[in-house]
Structure formats: structure tokens, C-alpha cells
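S.K.: sharing a sequence plus its predicted fold:
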Amino acid sequence: MQTASYVALSGQAVVGRNMDVLANNLANMSTTGYKEEQAVFQAYLKGGPDGQKIAYVKTTQTIRDLKQGDLVHTGNTLDTGIDGDGYFAISTANGTLYTRNGKFTLNPQRQLVTPAGDQVLDDQGAPITIPAGSGRITITDSGTIGTDLGPVAKIGLSRFGDRQQLQATSAGLYSASAPPTPDTTSTIHQGTVESSNVQPIVEMTRLMKLQGAYSDTQNILETEDTRLKNAVDKLSKVA
């Protein structure tokens, strides 16, 4: 296989990776708090058979678009959307993880939990329990939970110096390699959740362009394959 084929294959691999990322974005366009992902690629030089440098391309990483999604009103008392850069702290079997998904409920012990049953932590790192017999539950912009029996707890919000370093685990949860600091600037809005920031029309347009690019590289590979076959055929006749 000649250099042109290797270059085309490297490009096709990158296009395929980008298509996978875009398809995942589209699959999560209705996922609460989901952040659009984008594959980052770069060219790199490698020596060719004649000593010249040949430019190939490769995917280096996937980054998230951290732009906030819209806060959508649900009317559910325990739903909480974050306006700002903060994350909820969640106690899981794998330790404390973080999320933007504020769709919460109460478990049989009246603890505030995620749909998966993991405990939401307060600003002291403890589970939040709503006292039995409580009436209407209110959540202020600062995250303070109260009932007709009085204040209960304050939802903890965490801030990270580099949010790109958060590693996605599952169900909209992230792990952190460095400890966060308390977030004192974000606000919480009761009865809302943050929608995905994926823009379906933009993603579909990108996907169609990538499909075209994939077809172009496939044509290059087929043309190069035909050229090589013809060259071999001619050489064999000469011999």
C-alpha cells in the first residue's frame, strides 16, 4: 500500500471517530444536563520512503462544550437546575461523584436521591434527609432546603478549576482527579432541570458533512487500489 492510501486511511479513521462522537451527541440530546462533545484532531509528520515528511492526521482527545443548557420548568418540587458552573455532589458506591442533573426524589428513608438512588450531599458532605411529617418543601436560590418545620440543609455545590478534567462515568456522573472547592456563585432554581446543550440541527449538519468526507476518502482509497492493480498488471505483462 502506498503513502496516499495511508494518508487517506488516517483521515478516514478521524472522520469515523468524529461521526461516533456526533452520533452520541444526538443520542443524548434529551438527556438532562448532557454536554455536547467534540473530537479534537491534529496533523502530525512522519518520514516517508523518499525522506520527505508526510502529513497524517489523528484524533487526540474529546472535549466537552461546557456551555449551560436551558433551564426547563418541570413543576416537580425536588427538581433543581443550576445556573452557573457548579456541580451537585453525589454519594455513590464508587465514592463521591458529580453531576449537573438535578432531577431528584426522596427514597423510603426520605433522603434526597438521584433516579439511581444515590444520595445527594449537602454543603458539609452529608446526606440530606427531609423530616417525616414535613409539608411543602422549598429550595432557595442558595440551595437551602426548608419545610414548614424549618430549615433542613443546604445543597452542596462544587466548583472545579478545569472542568474538562472531569471524567464521565455513567448516568451523567463525573469523577474528579482533584478535589473541588465550594461553589458560592452559582444559583439553584427549584422546579427546573438543565436540558442538554446539544443543538440537533447543527449536529445533523455536521454529521452530513462528515459522511461526505468519509465517502471522499473512500473514493481516494478505491482509486489508489485500482491504480496499484493496473500497475501490477502492466508490470506482469512486461515481465
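M.R.: Nice, thanks for sending it over. Residues are numbered from 1 along each chain as shown.
S.K.: and the end-to-end length of stretch 83-91?
M.R.: End-to-end distance for stretch 83-91, by CA to CA, to the nearest Å: 22 Å.
S.K.: average model confidence for it?
M.R.: Here stretch 83-91 scores 97 as its mean pLDDT.
S.K.: can you give the domain ranges for this protein?
M.R.: 3-66+198-238, 71-194 (automatic domain parsing).
S.K.: among those, show me which one is buried the most.
M.R.: domain 71-194 (a mean of 17; mean count of other CB atoms under 10 Å). C-beta: built from backbone N, CA, C; applies to glycine.
S.K.: tell me how far it lies from the chain's centre.
M.R.: 19 Å (CA atoms, centre = their mean, to the nearest Å).
S.K.: please report how far the closest residue in space to Gln61 that isn't next to it in sequence lies from Arg206.
M.R.: The shortest distance from Gln61 to any residue that is not its chain neighbour, by CB to CB, 6 or more residues apart in numbering, is 5.1 Å, and that residue is Val40. Computed with CB to CB, to the nearest Å, the distance linking Val40 and Arg206 is 14 Å.
S.K.: which residue is nearest the middle of this structure?
M.R.: Lys35 (4.5 Å; CA atoms, centre = their mean).
S.K.: just say helix, strand or coil for that residue.
M.R.: coil (DSSP: H, G, I helix; E, B strand; the rest coil).
S.K.: right, and it touches Gln68 too?
M.R.: No. Here Lys35 lies out of contact with Gln68, judged by CB atoms under 8 Å, at a distance of 9.2 Å.
S.K.: touching both of these two, which residues are there?
M.R.: Residues touching both Lys35 and Gln68 (CB atoms under 8 Å, 6 or more residues apart in numbering) are Asn197.
S.K.: coming back round to it: lowest-confidence stretch among the domains of the chain?
M.R.: domain 3-66+198-238 (a mean of 74).
S.K.: returning to what we had before: quick check: the residue nearest to Gln61 is in a strand.
M.R.: Yes. Counting by three-state DSSP, one finds Val40 located in a strand.
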